[in-house]
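Asks: Quick check, what structure comes out for this input:
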Amino acid sequence: TVLPADSLMWLVSVGTFFFLSTVLITALSVLIRAIEISGNEFKLMVRHATDIIWKLDADLKITFVNAAVIKVFGITEKEMIGQPITRFIDDFKYRFLPRLHDRSPHSYESRIHHADGTQVDIEISGIQLAAGSRDSTIYQGMIRDITPQKKEAREKKQMQEKLSKAQKLEGLGILAGSVA
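Replies: Residues are numbered from 1 along each chain as shown. As a prediction, the model looks like this:
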């Protein structure tokens, strides 16, 4: 039997549809797998970062931090999640937050107390990601322990002051020797 032209066109259309559907499903599967792989790589990168990566909600409550908080603050991620960041960084609300409303990145240095009581110098950087309704305001950024750099800078300054004092004493000695 010979199919009418309309039926033949319908079969070609259905065949094309199934072929294109198969191609599209295959392409989507490949794309989803690529996203899963890159998402896993991103998670590993965040998990093993040496700087703290943080995210806050509109109430300045911590919604995410990575494991680097253990070294810098001496507490776990679970202990920080849900807490206001001002509980851990006293001056955050007054020194950092006012700068974020223009949606450009900002940073400043501060000092916090580690759980063991020692002071830790930190650099906080972040940005306001979303604003609009109160529920959609999100802040995120990083915190870096800069204690070693600060210590080195203080030691260098002390050495320079000692050198300057020694040079002044030397100058006085030369002056006193020339007078005698």
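Asks: which SS state does the residue most central in space within the chain fall under?
Replies: Nearest residue to the geometric centre of the chain (C-alpha atoms, centre = their mean): Met142, 2.9 Å. Under DSSP: H, G, I helix; E, B strand; the rest coil, Met142 falls in the strand class.
Asks: for the protein, what spans make up the helices?
Replies: Using DSSP state H, the helices found in the chain span residues 5-47, 69-73, 77-80, 147-179.
Asks: before we move on, back to that, wait, the residue nearest to the centre of the chain touches His106, no?
Replies: No - counting by C-beta atoms under 8 Å, Met142 sits too far from His106 to count as a contact (11.9 Å). (Glycine included, C-beta is placed from N, CA and C.)
Asks: can you list residues touching both of the two?
Replies: Listed as contacting both Met142 and His106 by C-beta atoms under 8 Å, 6 or more residues apart in numbering are Ser125, Gly126.
Asks: Okay, the residue nearest to Val72 when sequence neighbours are not counted and Ser125: tell me how far apart.
Replies: Excluding its sequence neighbours, the residue lying closest to Val72 (C-beta to C-beta, 6 or more residues apart in numbering) is Asp145, at 5.0 Å. Going from Asp145 to Ser125 by C-beta to C-beta, to the nearest Å gives 13 Å.
Asks: between those two, which one's more packed in?
Replies: Comparing Asp145 with Ser125 by other C-beta atoms under 10 Å, the one with more neighbours is Asp145, at 20 against 15.
Asks: Which neighbouring residues are in contact with that one, exactly?
Replies: Shown in contact with Asp145 (C-beta under 8 Å, 6+ apart): Asp51, Lys71, Val72, Val120, Asp121, Ile122.
Asks: ok, now Glu109?
Replies: Residues near Glu109 by C-beta under 8 Å, 6+ apart: Asp121, Ile122, Glu123, Ile124, Ile146.
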